[in-house]
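S.K.: got a sequence here, can you model it:
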Amino acid sequence: MNPEKIKKELLIQCQNYVDQRLKRIQHTISDIQESLTSETKSSAGDKHETGRAMLQLEREKAGKQLAEIQKLQEVLSKISITHSNHIRLGSLISTSQANYFISISVGKLIVEKDSFFAVAANSPIGKLLLGKTVGSNFSFNNNQITIKKIH
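M.R.: Below is the predicted model:
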């Protein structure tokens, strides 16, 4: 499989990851909203108010997670899969240790039985990789790593 097809497949897998997270958060928000509207005032008023406050906190937390997902979607929309000699967002990198795809932090992805680590540009390894070229060396977790290929 050529590098452009691998990048497209990795991008699809990253998008699927974000879509799944989005569905879970939307479902959570919907459940919280339903709980808030179905909650009726009971004779134990303090207990009722505590329950509502807890639901409000859960809704705020879900709202923050939703904002985080929207940021991930924004990063994905900026990814260019065209070739570059310098590592940047959208680069596919083969090193002496592993293969990386600079995108969002998803972790290990498999394409055609090969493993790739989808990492964000602002992650520790992403920061070390950005701007490097083939043949560059860097140290990560006490390992010397050499960049073999950039696609």
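S.K.: when you work out contacts or count neighbours from here on, use the C-alpha atoms and nothing else.
M.R.: Will do.
S.K.: and L89, what pLDDT?
M.R.: Model confidence at L89, given as pLDDT, is 97.
S.K.: neighbours around it, how many?
M.R.: L89 has 23 neighbouring residues, counting by other Cα atoms under 10 Å.
S.K.: which SS class is it?
M.R.: Following DSSP: H, G, I helix; E, B strand; the rest coil, L89 is assigned to coil.
S.K.: measure it to I125 for me?
M.R.: 13 Å (Cα to Cα, to the nearest Å).
S.K.: what ranges does the protein have for its helices?
M.R.: Counting by DSSP state H, residue ranges of the helices within the chain are 3-38, 45-78, 124-129.
S.K.: give the contact list for the residue nearest to K8 when sequence neighbours are not counted.
M.R.: Nearest non-adjacent residue to K8, counting by Cα to Cα, 6 or more residues apart in numbering: I81, 7.4 Å away. If you count contacts by Cα atoms under 8 Å, 6 or more residues apart in numbering, I81 has them with E4, K7, K8, G90, S91.
S.K.: least trustworthy helix or strand in the chain by mean pLDDT?
M.R.: Lowest mean confidence among the helices and strands of the chain (mean pLDDT, DSSP states H and E): helix 45-78, at a mean of 89.
S.K.: now that helix: how far from the chain's centre is it?
M.R.: Its chain's average C-alpha position is 18 Å from that of helix 45-78, according to Cα atoms, centre = their mean, to the nearest Å.
S.K.: cool, stretch 8-27 as well?
M.R.: Taking the mean of its C-alpha atoms, stretch 8-27 sits 9 Å from the chain's own mean (Cα atoms, centre = their mean).
S.K.: can I get that stretch in CSV, CA atoms only?
M.R.: What follows is stretch 8-27, C-alpha atoms only, in CSV (Å, rounded to 0.1, in the frame of the first residue of the first chain):
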residue,chain,number,x,y,z
LYS,A,8,-6.0,8.3,4.1
GLU,A,9,-6.8,5.2,6.0
LEU,A,10,-5.1,6.5,9.2
LEU,A,11,-7.1,9.8,8.8
ILE,A,12,-10.3,7.8,8.4
GLN,A,13,-9.5,5.8,11.6
CYS,A,14,-8.8,9.1,13.5
GLN,A,15,-12.1,10.5,12.3
ASN,A,16,-13.9,7.4,13.3
TYR,A,17,-12.4,7.7,16.8
VAL,A,18,-13.6,11.3,17.1
ASP,A,19,-17.0,10.4,15.8
GLN,A,20,-17.4,7.6,18.3
ARG,A,21,-16.4,9.9,21.2
LEU,A,22,-18.8,12.6,19.9
LYS,A,23,-21.7,10.1,19.9
ARG,A,24,-20.9,9.0,23.4
ILE,A,25,-20.8,12.5,24.7
GLN,A,26,-24.0,13.5,22.9
HIS,A,27,-25.7,10.5,24.4
